[in-house]
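K.L.:
Below is the sequence, then the predicted model.
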Amino acid sequence: MSNRLRTAVLVLAAGATAGGIWFGSWLWSTAS
Amino acid sequence: MWLPTADEHGSLPARVRVRKLVFTVVGVFVFAASLTVVFESMRAVMDVGGMCASGGPYEIRQECPDGAGLIVVGIFGGLIGTGLVAAGTFRGGPQLWTLAWPALFLALGWNFWVYGIDPPPPNDGPVWGWLVCAVLFFAMGGIPLLLVLRNARSTLWGRDPGSSSSDTTTSSDGAAPRRDAPQPREPASPHRPHPDSTPPRRDRPPPPEDDLVSDLERLSALHRDGHLTDDEFARAKDARLTEEGA
């Protein structure tokens, strides 16, 4: 596995984490 | 969007790489959203004293806050997200699923700690039950996190299977290494001992008695097969015994 692919995985995972936290907060604020 | 080409990564097809990247992104997204919902739901329940109920035929002392039911959705979502991340793990790549357990317990342990130190009314002062839970959750999440960080180079960055982990094998679709996979074996050779067999004794001559016995057995076999006459056999045996006695 190349370092470029590793970097892509980590960058995408970081972005997905931020997006997931935002979406979870939005979902909670909508439901509560 | 940049994607690695097939030539850069050998036999891993491009569609498999795309699939794994999608699994990773969707899995991390679902896990993060689910953990956020569980985190917020827990805080909402702790705001009303830590216990609540809703529905059913009984008289309810404390109704659950709106949205508290999402905690069930969050739990199952977290499991699904972790499974997707595990399915999207590249061979020799970052093992992101190892962070799911520490993230869950450290996040919930933080809630126990904050609310244990400064609980909402009518509680006054530290709530020791929540603080005990906080310490327990910090230990359950912190110790695995320390283990992950201790091997961060392989768990969070990845390691090529052929570099230093010679005891692992990989599947052709780029899945995570499996230590229980059968190792390819070379054909057996009469001149080369099997790798799994006991290594031969090196630079150590056999005991003299073994050498004598084997020689006598060999002479006896030659005599029995007719290659030595009775006289030749007797002389050879005597010579060998004499040599041994000297």
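P.N.:
Arrived safely, thanks for sending.

K.L.:
With only the CA atoms kept, save the helix or strand containing B:Ser214 in PDB.
P.N.:
Under the criterion of DSSP states H and E, B:Ser214 resides in helix B:208-224. Provided in PDB are the C-alpha atoms of helix B:208-224 (Å, rounded to 0.1, in the frame of the first residue of the first chain):
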ATOM      1  CA  PRO B 208      30.500 -44.000  19.000                       C
ATOM      2  CA  GLU B 209      28.200 -46.800  20.000                       C
ATOM      3  CA  ASP B 210      25.600 -45.600  17.400                       C
ATOM      4  CA  ASP B 211      28.300 -45.500  14.700                       C
ATOM      5  CA  LEU B 212      29.500 -49.100  15.600                       C
ATOM      6  CA  VAL B 213      26.000 -50.500  15.600                       C
ATOM      7  CA  SER B 214      25.200 -48.900  12.300                       C
ATOM      8  CA  ASP B 215      28.400 -50.300  10.800                       C
ATOM      9  CA  LEU B 216      27.700 -53.800  12.100                       C
ATOM     10  CA  GLU B 217      24.100 -53.600  10.800                       C
ATOM     11  CA  ARG B 218      25.400 -52.500   7.400                       C
ATOM     12  CA  LEU B 219      27.900 -55.400   7.300                       C
ATOM     13  CA  SER B 220      25.200 -57.800   8.300                       C
ATOM     14  CA  ALA B 221      22.900 -56.600   5.600                       C
ATOM     15  CA  LEU B 222      25.700 -57.000   3.000                       C
ATOM     16  CA  HIS B 223      26.400 -60.500   4.200                       C
ATOM     17  CA  ARG B 224      22.700 -61.400   4.300                       C
END
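
K.L.:
what's in contact with the following helix or strand past that helix?
P.N.:
Sequence-wise, the next helix or strand downstream of helix B:208-224 (DSSP H and E) is helix B:230-245. With contacts defined as Cβ atoms under 8 Å, 6 or more residues apart in numbering or on different chains, helix B:230-245 is touched by B:208, B:212, B:215-216, B:219-220, B:222-223, B:228. The C-beta positions use only the backbone N, C-alpha and C, and glycine is treated the same way.

K.L.:
For the helix or strand where B:Ala33 lies, buried residues please.
P.N.:
Applying DSSP H and E as the criterion places B:Ala33 in helix B:14-47. Using 16 or more other Cβ atoms under 10 Å in any protein chain shown as the test for burial, helix B:14-47 gives B:16-17, B:20-21, B:23-46.

K.L.:
right, is that helix up against chain A?
P.N.:
Yes - under the criterion of Cβ under 8 Å from any Cβ of the partner chain, chain A is reached by helix B:14-47 at B:17, B:21, B:24-37, B:39-41, B:44.

K.L.:
What distance do you get for A:Leu10 to B:Arg150?
P.N.:
Distance, A:Leu10 to B:Arg150, using Cβ to Cβ, to the nearest Å: 19 Å.
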